[in-house]
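**Q** Kindly generate the corresponding structure for this input.
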Amino acid sequence: MAQYRRGRHSVTGIYAHLVFVTKYRRKVFQPEHIERMRDVCAGVALKMNFRVLRLNGESDHVHLLIEYPPKLSISQIVNALKGVSSRMLRKEFGLAPHKEHLWSPSYFCVSCGGAPIAKIKQYIDGQQSRPHGGFLDPLLNDK
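**A** Here you go, the predicted structure:
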């Protein structure tokens, strides 16, 4: 059963899979670093009102599954998670694959949860308001 976030004027279920890699993909993480990162990211999530549902990783990257409210952007969340975790892990463990940076400046994000895109297209096409599938541009009517 899906759990939804209820706001004053909205009900949402927005999930994202994030991946952060270390600077130059250097292998710096040990299991205790990943464990500490879970605590740090949970603290950031609590302050910003989103949830980290899973966090795990390997020596050069971490994966997170988050649920967040529509008022937050992915870039705000990523900035906070990477900034705080970098400061804490560098301070507590001395992790520094580069002079002053733990993380690569890039990140991966994909939305997830809910029905597959094909099922959503099928549902919308079945609403009968537009005979060509609901798009104003016929080139977008891929099945």
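**Q** From here on, just use CA atoms for contacts and neighbour counts.
**A** Noted.
**Q** So Trp103 sits against Val19, correct?
**A** No - using C-alpha atoms under 8 Å, Trp103 is not in contact with Val19; the gap is 10.8 Å.
**Q** which of those two has more neighbours?
**A** Counted by other C-alpha atoms under 10 Å, Trp103 and Val19 do not tie: Trp103 has more neighbours, with 23 against 19.
**Q** Identify the residue spatially nearest to that one, adjacent ones excluded.
**A** Thr22 (4.3 Å; C-alpha to C-alpha, 6 or more residues apart in numbering).
**Q** how about the one you found, what does it touch?
**A** 28, 60-61, 97, 102-104 (C-alpha atoms under 8 Å, 6 or more residues apart in numbering).
**Q** longest helix anywhere in the chain?
**A** The longest helix of the chain (DSSP state H) is helix 74-93.
**Q** Quick one: mean pLDDT for it?
**A** Average pLDDT, helix 74-93: 96.
**Q** same for that helix, what does it pack against?
**A** helix 31-48 (3 or more C-alpha pairs under 8 Å, 6 or more residues apart in numbering; DSSP states H and E).
**Q** repeat that for 10 Å
**A** With contacts taken as 3 or more C-alpha pairs under 10 Å, 6 or more residues apart in numbering; DSSP states H and E, helix 74-93 sits against strand 14-21, helix 31-48, strand 61-68, strand 108-112.
**Q** which one of the contacts of Thr22 is nearest Arg38?
**A** Using C-alpha to C-alpha, His61 comes nearest to Arg38 of the contacts of Thr22, at 13.4 Å.
**Q** Got the domain ranges for this protein?
**A** 5-112, 115-143 (automatic domain parsing).
**Q** which stretch in the ones you listed has the least confidence?
**A** For these, where the average pLDDT is lowest is domain 115-143, sitting at a mean of 66.
**Q** With distance to Ile77 and secondary structure added, can I get the contacts of Thr22 in TSV?
**A** TSV is the format used below for the contacts of Thr22 (distance: C-alpha to C-alpha, whole Å; DSSP: H, G, I helix; E, B strand; the rest coil):
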residue	distance to Ile77	secondary structure
Val28	23	coil
Asp60	20	coil
His61	17	strand
Pro97	23	coil
Leu102	17	coil
Trp103	15	strand
Ser104	16	coil
